[in-house]
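> would you be able to build a 3D model of this:
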Amino acid sequence: MLLATSTLATTLFGILGLIIWIAIAFWPARVARRKGHSFVGYFILSLFFFPLALVMAYVVRDRRGLSVRH
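Numbers count the residues shown, from 1 in each chain. Next comes the predicted model:
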């Protein structure tokens, strides 16, 4: 009985951790999308290398073309 409870708790904790991991991966992807970059590319990058993706999303230049020079 103790083993079954432990296995169930471990499984539920693992599923919760996976959901949180995927939810947090949306952060750099949304920042990159606002700057005109690929949402999917940054999402996949942030799934594996979250700190790198977050820094890159904030450092890359804005490609939307809002700054027009005359």
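
> roughly how far apart are the spatially most central residue of the chain and R33?
For the chain, the residue nearest the mean C-alpha position is A25 (1.3 Å; C-alpha atoms, centre = their mean). Here the criterion is C-beta to C-beta, to the nearest Å. By it, A25 lies 13 Å from R33. In this view, the C-beta of every residue, glycine as well, is placed from N, C-alpha and C.

> kindly report the same for L8.
38 Å.

> looking at those two, which is more packed in?
It is R33, of L8 and R33, that has more neighbours when counted by other C-beta atoms under 10 Å, with 17 against 10.

> grab the nearest non-local neighbour of that one.
Among residues not flanking R33 along the chain, F39 sits closest, at 4.2 Å (C-beta to C-beta, 6 or more residues apart in numbering).

> quick one: low-confidence parts of the protein?
When residues are selected by pLDDT under 70, those of the chain lie in 1-5, 66-70.

> tell me which stretches of it form helices.
2-34, 39-48, 50-59 (DSSP state H).

> now the first one against helix 39-48, angle please.
Pointing back at helix 2-34 there. Inter-element angle recorded for helix 2-34 and helix 39-48: 140 degrees (by axes from the mean of the first three to the mean of the last three C-alpha atoms, to 10 degrees).

> and for the last one?
Going by the same axes, to 10 degrees, helix 50-59 is angled at 140 degrees with respect to helix 39-48.

> residues of helix 50-59 that come out buried?
Residues of helix 50-59 classed as buried: A53, L54, M56, A57 (neighbour count, 16 or more other C-beta atoms under 10 Å).

> what distance separates the start and the end of stretch 41-56?
12 Å (C-alpha to C-alpha, to the nearest Å).

> chain center to it, what's the gap?
Stretch 41-56 sits 6 Å away from the centroid of its parent chain (C-alpha atoms, centre = their mean, to the nearest Å).

> how about residues contacting it?
W21, I22, I24, A25, F26, W27, P28, A29, V31, A32, R33, A57 (C-beta atoms under 8 Å, 6 or more residues apart in numbering).

> what is the most widely separated pair among those residues?
Largest separation among the contacts of stretch 41-56 by C-beta to C-beta: W21 and R33, giving 19.4 Å.
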